[in-house]
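**Q** coords please:
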Amino acid sequence: MLKMDVYIQGENTETKVVENHIMDLKKEGYNISKFYGDGAYDNYNMFNILEEIGADKAIKIKKMRQWVIIITKEKNVVGR
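**A** Below is the predicted model of the structure:
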């Protein structure tokens, strides 16, 4: 264990704490090669941070975050 934090429930989210720890560890020279997380870590900010530091992602995708892409005759793409 390299980092630990204690907080009062409701004042900070677990994902925000982990995001801060990841960035701090990277600044301290640690190489994070892969991050494992459950659906709570399925958010754009976490994926952006992991992409920024070059870490592989092993995060369970929430079922409700399945993207639908519709292509029309005019080649417009609509995502939902």
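**Q** Spatially nearest residue to residue 43 (excluding sequence neighbours)?
**A** Excluding the flanking residues, the one nearest residue 43 by Cβ to Cβ, 6 or more residues apart in numbering is residue 15, at 6.4 Å. Heads up, the C-betas are built off the backbone N, CA and C, glycines and all.
**Q** Other residues contacting the helix or strand that contains the one you found?
**A** Assigned by DSSP states H and E, residue 15 belongs to helix 14-27. Residues outside helix 14-27 that contact it (Cβ atoms under 8 Å, 6 or more residues apart in numbering): 2-3, 5, 7, 32, 35, 37, 40-41, 43, 45-46, 49-50, 53, 55.
**Q** sorry, back to before: count the residues that sit near the residue nearest to residue 43.
**A** Residues lying near residue 15 (other Cβ atoms under 10 Å) number 15.
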